[in-house]
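Engineer: Predicted structure and sequence below. I'll ask about it afterward.
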Amino acid sequence: MQSALSEQLEFRADLPAQAEQEFFSSLPAGSAVFVLRAADETAEPYVGKTSNLRRRMLRMLGASESASRRLNLRERVRSIGFQRVGSDFEAQLVLYRVLRAEFPHSYERRLRLRPAPLIRMLMENAYPRVTVTSRITSLRGESRYYGPFPSRAAAEQFANDALDFFKLRRCTEELNPDPAFPGCVYSEMKMCMAPCFKGCTDEEYASEAARVEQFFSTGGHTLALELTHARDQASEQMEFERAATLHTQLEKLHKLRSQLPEIVHRVDRLDAVMVQPSHLPGSVALIRVRWGRLCAPVQLMVNAPTVIGSVKTPSSMESRISAALELAPAPEVSSAQEWIEHLAILKRWFYRTAKVGDIFFADEKGELPMRRVVRGVSRVFKGEKPQGDLSETAGDYWAFRAKEIGLE
């Protein structure tokens, strides 16, 4: 299966000098992903990305000097396919799709994709438990996946610290509950409900598992509300020692939540919009993230007016962004493996120390923070770096939430 790129051009090594000069001049002097093909359709194509397509093709297809050691494919190449891109992230996304089509058995090695670490809650198990994985077993499985995390160690640390607030089992064995079973250290420390020896009913364990699922799905918000309510109730009943204990738990929970990266969501509910530079003048590229999967970029003309009759009237930027996002095609993910690869590409960009562009996440209702998106569009268009203010920094956001629930 050959990849579909936006531009296709024929190339011949025997072109007259004037025609060859016009050919190279017609190529854009900007960033692009390209595919070079030989006359033999069974020959392996050459795939790459470059910051200047014209200069790269001149080096690879121009007349070479006899003493030069540079790679020159002038006598082999018969066609060029390319697609212009405006950012390194967009180039990576296009390159992924091209390599996946051209080299279905080796594209992962060529891209050096590292699967994103995820927390998995095994809901298929009769006694659900939490583990860390880099695989999604099925598009329609009952398990819940949360991430992506920057590393496996970070995912394991967060999972372990989160489970300290609950009594869910941490063992990995398939359980056959037996009252004669001695249990483990967690049951001895009252940190597990001990379903292994019927220390609880199945209904009680299922209820605890549901609390854990809600914790991960809301980034700990449900537990914060639960502890806040219990602390306030204890204070009203003048149970001050219990209230102090609950307050300590809330402080511990706040610290844990403040360390959670903003990108970490239940992955089938990970909805966002990325704003990236565009190769088109006066534009930015919008990349929709739906259900943890990447859509193809759509272009937004930043200063383009709408025409009503013969009068040009600028519409609001929010409505124009919404209209552009509606044009984004639904993500085409055919397997759990492809889903993991989309998350890996997103994770690679998000956790970079220095990255170009911005990302904005939808809330629990699926609504994007449009005012922030508008500011992000302006910043990316002007080439500015993201601002570290209250509305866009996860740590400050959780500090704000802590005041709301009475921790400060």
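Structural biologist: On my side now, so go ahead. This one's a predicted model, so the numbers in the text were calculated from it and none came from an experiment.
Engineer: tally of neighbours for the nearest residue to residue 116 once chain neighbours are set aside?
Structural biologist: Nearest residue to residue 116, sequence neighbours excluded (CB to CB, 6 or more residues apart in numbering): residue 148, at 3.3 Å. The C-beta positions use only the backbone N, C-alpha and C, and glycine is treated the same way. For residue 148, the neighbour count with other CB atoms under 10 Å is 29.
Engineer: From what I see, residue 148 and residue 346 are in contact.
Structural biologist: Yes: between residue 148 and residue 346 there is a contact under CB atoms under 8 Å: 6.9 Å.
Engineer: Provide a list of residues in contact with the residue nearest to residue 116.
Structural biologist: When contacts are counted by CB atoms under 8 Å, 6 or more residues apart in numbering, residue 148 touches 116, 117, 118, 263, 264, 267, 343, 344, 346, 347, 350.
Engineer: which ones among those residues are found in strands?
Structural biologist: residue 118 (DSSP state E).
Engineer: now the contacts of residue 148 in a markdown table, with neighbour count and distance to residue 284?
Structural biologist: Written out in a markdown table, the entries for these read as follows (neighbours: other CB atoms under 10 Å; distance: CB to CB, whole Å):
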| residue | neighbour count | distance to residue 284 |
| --- | --- | --- |
| 116 | 30 | 26 |
| 117 | 21 | 30 |
| 118 | 27 | 30 |
| 263 | 22 | 20 |
| 264 | 22 | 26 |
| 267 | 23 | 26 |
| 343 | 27 | 23 |
| 344 | 20 | 24 |
| 346 | 25 | 18 |
| 347 | 23 | 22 |
| 350 | 18 | 18 |
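Engineer: Find me the pLDDT at the residue lying closest to residue 174 once chain neighbours are set aside, would you?
Structural biologist: Closest residue to residue 174 apart from its sequence neighbours, by CB to CB, 6+ apart: residue 125 at 7.8 Å. Residue 125 is assigned 89 on the pLDDT scale.
Engineer: Any chance you could list what contacts stretch 357-366?
Structural biologist: 87, 89, 218, 262-263, 265, 270-277, 289, 349-350, 368-369, 372-373, 376, 379-380, 386.
Engineer: now these: which count as buried?
Structural biologist: The neighbour-count test (16 or more other CB atoms under 10 Å) marks 87, 89, 218, 262-263, 265, 270-277, 289, 349-350, 368-369, 373, 376, 379-380, 386 as buried among the contacts of stretch 357-366.
Engineer: anything in contact with each of residue 148 and residue 346?
Structural biologist: 116, 263.
Engineer: sorry, back to before: in helices, which of the contacts of residue 148 appear?
Structural biologist: 343, 344, 346, 347, 350 (DSSP state H).
Engineer: so where do the helices sit in the stretch 101-250 of the chain?
Structural biologist: For the stretch 101-250 of the chain, helices defined by DSSP state H, counting those that start in this stretch occupy the ranges 107-111, 152-163, 185-188, 202-217, 221-236, 240-258.
Engineer: which stretch in the ones you listed is the model least sure about?
Structural biologist: Minimum mean pLDDT among these: helix 185-188, a mean of 82.
Engineer: Any buried residues in that one, and which?
Structural biologist: 186, 187.
Engineer: which residues sit against it?
Structural biologist: Under CB under 8 Å, 6+ apart, the answer for helix 185-188 is 169, 170, 171, 192, 194, 196, 197, 199.
Engineer: what residue lies at the spatial centre of this structure?
Structural biologist: In the chain, the residue lying closest to the centroid (CA atoms, centre = their mean) is residue 346, at 3.5 Å.
Engineer: Next one, pLDDT for that one please.
Structural biologist: For residue 346, pLDDT reads 96.
Engineer: for the one 4 residues further on, same thing?
Structural biologist: Residue 350 carries a pLDDT value of 96.
Engineer: Buried among the contacts of helix 185-188? Make that a ChimeraX selection.
Structural biologist: In ChimeraX syntax, the buried subset of the contacts of helix 185-188 is picked out as below (16+ other CB under 10 Å):
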select :169,170,192,194,196,197,199
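Engineer: which two in the contacts of helix 185-188 are spaced the farthest apart?
Structural biologist: Within the contacts of helix 185-188, 170 and 197 form the most distant pair, 15.3 Å apart (CB to CB).
Engineer: Not counting residues beside it along the chain, what's closest to residue 126?
Structural biologist: Closest to residue 126 by CB to CB, 6+ apart is residue 175, at 7.1 Å.
Engineer: check contacts around that neighbour.
Structural biologist: So residue 175 contacts 126, 127, 169, 195, 196 (CB under 8 Å, 6+ apart).
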